[in-house]
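1. whatever this is, show me its structure:
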Amino acid sequence: MNATTLSRRQWLALAVGVSAMAGSPLRAQSRRQRNQRVAWPFVYPADFVRNALQAHFLPAAEAFAASSAALSDQLAPGCAPLPAARERWRAALLAWERLAAVAVGPLIERRSARTVDFWPTRAAMVDAAVAAAPADLTALERIGAPAKGLPAIEYLLWQTQPDAAQCSYAALLAQECAAEAKAILAAFHDMARREWTTDTALPVLQDWIGQAVGGLEQLRWKRIGKPARGGRKTDWPRFASGTTRASWQATWNGLEDFVRGPENNEAFTGVTGLLRGRGDIDIGDELEASAERTHASVFAADPAKPASISSAQKAVAQTKSVLEDKAAAAMQIMVGFSDADGD
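-> Below you'll find the predicted structure:
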């Protein structure tokens, strides 16, 4: 096949060719147990998209909507008690990291990262916005993205003792994040309600693979490699809150759910299940093994231990290479991704 991407007819023909590999439904199992099955069912593009929405994107969007609403409620009367406000912020941040790891659908269409996660933080612009004292969300629209979102809230909440003006502005930012999260969730629900067909799902699947490749590169370079090269502690993402390692782990969790499927879920087995169902067993196994190594490396990564940082970068790069150069190539997908980051 000479086309860059598989056509609908080619996907359907492939399904017929490997239909004998389809296995009966199994009980919920861990990824490792699931990997031991002998037969893998063919996964149509419509099933991949539908199951990815139900098993990963919708739960992640629901978690972000709930945690951002809780943060907004916590900050509405002020920053006190500060420890509780900070914990609400951490919960919202980590839910966002997991959701945005593979930035698709409304996250791209709405450019949500510019509202929620413009990073690195522009402290001077945040200070100027606090001084401007916007009264409501309409007034907040006149404030630039570098002074908004969860990183700006982090900057404000991790002051030694935020003053009333800082707390008021943080509350307004949290309100905006909660509104964005609600809109994201509604849009993902709309996607999940669609009647997906091979014709409509195939380009979406191809786009999502590209976004996963882009997400891996974002984690490898912008979140880990570039700050490590800078050499300053303050360059690390989420440094002020001490959430650097947890943010890497949450981002990887979102990527891993897409690549391998969530734990204890038979409906969505990720890109690895898609490959195996097509008959690309070796590539699926290689991607699975690479993801396992990356999981261990990312969870061991510590800014205070340079060797662990180097190991994590290499592991993420290897998984990106397998996904882009082998998995996408096997499915004849031309990888391209949008820069959904805030900066």
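
2. please count neighbours and contacts with C-alpha atoms only from this point.
-> Noted.

3. if I look at T160, how far off is P237?
-> T160 sits 19 Å away from P237, going by C-alpha to C-alpha, to the nearest Å.

4. who has more neighbours out of the two?
-> Of the pair T160 and P237, P237 is the one with more neighbours under other C-alpha atoms under 10 Å, namely 22 against 8.

5. assign the more buried one to helix, strand or coil.
-> coil (DSSP: H, G, I helix; E, B strand; the rest coil).

6. gap between it and I184?
-> According to C-alpha to C-alpha, P237 and I184 sit 24 Å apart.

7. and what of F57?
-> Where I184 is concerned, F57 sits at a distance of 10 Å (C-alpha to C-alpha).

8. neighbour count: these two, which is higher?
-> Higher neighbour count among F57 and I184: F57, with 27 against 23, using other C-alpha under 10 Å.

9. now T244, nearest residue through space, not along the chain?
-> Closest residue in space to T244, ignoring its immediate chain neighbours: R238 at 5.0 Å, by C-alpha to C-alpha, 6 or more residues apart in numbering.

10. quick check on the one you found: phi, psi?
-> The phi/psi pair for R238 (degrees, to the nearest 10) reads phi 60, psi 30.

11. tell me the confidence at the residue sitting nearest the centre point of the chain?
-> Nearest to the mean C-alpha position of the chain, by C-alpha atoms, centre = their mean, lies A101 at 1.6 Å. On pLDDT, A101 comes in at 99.

12. how close does it get to G254?
-> The gap separating A101 from G254 is 5 Å, by C-alpha to C-alpha.

13. residues contacting A201?
-> Contact analysis of A201 by C-alpha atoms under 8 Å, 6 or more residues apart in numbering lists P45, A46, V49.

14. can you redo those residues as CSV with pLDDT, neighbour count and distance to A267?
-> Formatted as CSV, the contacts of A201 follow (pLDDT from 0 to 100; neighbours: other C-alpha atoms under 10 Å; distance: C-alpha to C-alpha, whole Å):
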residue, pLDDT, neighbour count, distance to A267
P45, 95, 24, 13
A46, 97, 19, 13
V49, 98, 25, 11
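
15. just for the chain, where's the confidence low?
-> 1-38, 337-343 (pLDDT under 70).

16. what about the residue lying closest to A301 once chain neighbours are set aside, neighbour count?
-> Distance criterion C-alpha to C-alpha, 6+ apart; nearest residue to A301, sequence neighbours excluded, is S308 at 4.8 Å. For S308, the count of nearby residues is 17 (other C-alpha under 10 Å).

17. still on that earlier bit, mind listing what the residue nearest to T244 touches?
-> Residues near R238 by C-alpha under 8 Å, 6+ apart: P151, E154, T244, S247.

18. surely the second one touches W89?
-> What it means is E154. Yes: with contact defined as C-alpha atoms under 8 Å, E154 reaches W89; the gap is 7.4 Å.

19. list the contacts for S308?
-> S297, A300, A301, D302.

20. in ChimeraX, select just the buried ones from those residues.
-> In ChimeraX syntax, the buried subset of the contacts of S308 is picked out as below (16 or more other C-alpha atoms under 10 Å):
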select :297,301,302
